[in-house]
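Undergrad: model the following, please.
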Amino acid sequence: MQFKVTEEFWQLFPEAEIFLLTIDGLDNSPVEEWQDKADKMLKSAARDGLEFVPNEPISKNPVVEQWREAFRQFKTKKGARSSIEALLKRVQKGSPVNSINPLVDLYNMVSMRHAVPVGSEDLAKVSGDIRLDVAEGGESFLPLGAEEDSPSLPGEVGYFDNDGAICRCFNWREAQRTMITEETETAVIVIEAINDEQKERAQEAQNELADLLAEHLDVTASNHHLTVENPYVDLNNEA
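TA: Reported below is the predicted structural model:
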């Protein structure tokens, strides 16, 4: 299995960089004391995230402005926003980011703390390679919480495998098919950056998340860094 970023994507975002972590042997079922621990850690990360959204409305903050501008470079479903905007909007309003499961909680923490989009896929549920690509249109996609297919739009940027879209509009909306659950044992985690400032924060997020995974879930992550000069990685022996 490869994770690759296509030439069509680089034509839109030649300066982008994608930071990956792959893990295997994960026990993602929360232990009894995880909920209280996660709640405290998520609240702490939310306080750190406030640094990035001092201005109202939220669109007036550089992190949000940068991602909205990126989304204007390709076709999107109306209302699509980067996942980091959704998290920081909750942070700004003081709304809690609730615990979901240990892996998702940990990557939400670093996402808020470093103001970068972070998402993950269950590698056991992926069909073939993963591609960060520009959609032809019509790729099958069943989003979280939905009962009907919501195919990708022509020209839309997202993540795909042999069976369709697995995450639409960068890290906006996740597919049910490859979502992280308490049964997930092997996963790839994706951190996105589209400018130099974001790249620095994404690198910090990658390093911190590797430490958190080792500390709290007792798994060792393999870290990867994809650029226009280094557009793919073989995951077969990495997770």
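Undergrad: what segments of this structure are helices?
TA: Assigned helices in the chain, in chain order: 7-12, 34-49, 62-71, 83-93, 102-114, 196-217 (criterion: DSSP state H).
Undergrad: name the surrounding residues that touch the longest one.
TA: By that I understand helix 196-217. Helix 196-217 is contacted by residues 15, 17, 19, 21, 23, 26-28, 37, 66, 102-103, 106-107, 109-111, 113-116, 118, 189, 191-193, 219-221, 223, 225 when judged by C-beta atoms under 8 Å, 6 or more residues apart in numbering. Any C-beta I mention is one placed from the backbone N, CA and C, and that applies to glycine too.
Undergrad: how many residues are close by Met1?
TA: When neighbours are defined as other C-beta atoms under 10 Å, Met1 has 17 of them.
Undergrad: ok, now the one 5 residues further on?
TA: Each residue near Thr6 was counted by other C-beta under 10 Å, and the total is 14.
Undergrad: start at 52, not 1
TA: Understood, numbering begins at 52; the last thing we discussed is Thr57.
Undergrad: that one reaches Ile181, doesn't it?
TA: No: contact criterion C-beta atoms under 8 Å: Thr57 and Ile181 do not qualify, at 11.1 Å.
Undergrad: need the helices of the chain in TSV with mean neighbour count and mean pLDDT, can you?
TA: Listed next are the helices of the chain as TSV, based on neighbours: other C-beta atoms under 10 Å; pLDDT from 0 to 100:
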stretch	mean neighbour count	mean pLDDT
helix 58-63	14	98
helix 85-100	16	97
helix 113-122	18	98
helix 134-144	19	97
helix 153-165	24	98
helix 247-268	18	97
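Undergrad: got these as TSV, with distance to Glu233 columns?
TA: As requested, the helices of the chain are exported to TSV (distance: least, C-beta to C-beta, whole Å):
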stretch	distance to Glu233
helix 58-63	32
helix 85-100	11
helix 113-122	30
helix 134-144	21
helix 153-165	8
helix 247-268	12
